[in-house]
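Trainee: From the sequence below, what's the structure:
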Amino acid sequence: MSSSARINPPSGSADDEAYQRECEFALEPSVYGLMKLAIAAGWKPKHAAMAVAVLSVQFAREEMKAKIDG
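Mentor: Residues are numbered from 1 along each chain as shown. Predicted structure coming up:
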């Protein structure tokens, strides 16, 4: 990852017990910021949160890989 990354990188391997929590901690400010932007744009919090959840599942299934890589 480049030195201009705005999200902290992991401090250990994905096999580490704390890896998932560390990832959540690193992403939390960005997700909250995204939610604030969506709500300010007029989206209901419940719907914005569900959209993030759906997109996250799609990403986890690699359905969004082309959008991220492209």
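
Trainee: Quick check: which ranges of this structure have low pLDDT?
Mentor: 1-5, 63-68, 70 (pLDDT under 70).

Trainee: just the helices in it please.
Mentor: Per DSSP state H, the chain carries helices over the ranges 19-40, 45-60, 65-69.

Trainee: and those as TSV, adding mean neighbour count and distance to S11?
Mentor: (Glycine included, C-beta is placed from N, CA and C.) Shown next, in TSV, are those (neighbours: other C-beta atoms under 10 Å; distance: least, C-beta to C-beta, whole Å):
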stretch	mean neighbour count	distance to S11
helix 19-40	12	7
helix 45-60	12	22
helix 65-69	9	23
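
Trainee: Minimum distance to I7: which of these has it?
Mentor: helix 19-40 (5.1 Å; C-beta to C-beta).

Trainee: what packs against that closest one?
Mentor: Helix 19-40 sits against helix 45-60, with contacts defined as 3 or more C-beta pairs under 8 Å, 6 or more residues apart in numbering; DSSP states H and E.

Trainee: Please report how far the residue lying farthest from the centre of the chain lies from A53.
Mentor: In terms of distance from the mean C-alpha position of the chain, G42 ranks first, at 20.8 Å (C-alpha atoms, centre = their mean). Distance, G42 to A53, by C-beta to C-beta, to the nearest Å: 19 Å.
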